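**Student:** The following comprises the amino acid sequence and a computationally predicted model.
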Amino acid sequence: MEISYMIILAIVTYIFGAITKIFIDKVPNKFIPLQNVLIGVFSALICYFCGIETDLLQAFVLCLSATLSAGGVADLVKIAKKQPMGDE
């Protein structure tokens, strides 16, 4: 069941990313968390209505936590690349 969540999240994320790149020239970074929330909501609804998850609240919690944590990890990687290692 967990693999189904990840596949749905990957597909929805790819679709949102493609729409953003094709139709919107430059999305400010401040709107990326909002996009992640929308991806999580749509993914949760897909998981619930396709029968992958029987509890709607659990579907929302799992999908939202996955998308928001992925966004947080991406931000951490970006920050780590900007700051040199060692003493400051």
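**Tutor:** It's in.
**Student:** Report how many residues lie close to the residue lying closest to Phe16 once chain neighbours are set aside.
**Tutor:** Nearest non-adjacent residue to Phe16, counting by CB to CB, 6 or more residues apart in numbering: Ile39, 5.4 Å away. Just so you know, the C-beta spots here come from the backbone N, C-alpha and C atoms, and that holds for glycine as well. Neighbours of Ile39 under the rule other CB atoms under 10 Å: 24.
**Student:** Compute the distance between Ile39 and Ile79, please.
**Tutor:** 22 Å (CB to CB, to the nearest Å).
**Student:** residue ranges with poor pLDDT in this structure?
**Tutor:** Scanning the chain with the threshold set as pLDDT under 70 gives 1-2, 25, 74-77, 84-88.
**Student:** circling back to that earlier point, list the helices and strands the helix or strand where the residue nearest to Phe16 lies packs on?
**Tutor:** Secondary-structure assignment from DSSP states H and E places Ile39 in helix 32-49. Counting contacts by 3 or more CB pairs under 8 Å, 6 or more residues apart in numbering; DSSP states H and E, helix 32-49 packs against helix 2-23, helix 56-82.
**Student:** Would you pull up how far it lies from the middle of the chain?
**Tutor:** 7 Å (CA atoms, centre = their mean, to the nearest Å).
**Student:** list the buried ones in that helix?
**Tutor:** By neighbour count on 16 or more other CB atoms under 10 Å, the buried set for helix 32-49 is Gln35, Asn36, Ile39, Gly40, Val41, Phe42, Ser43, Ala44, Ile46, Cys47, Tyr48.
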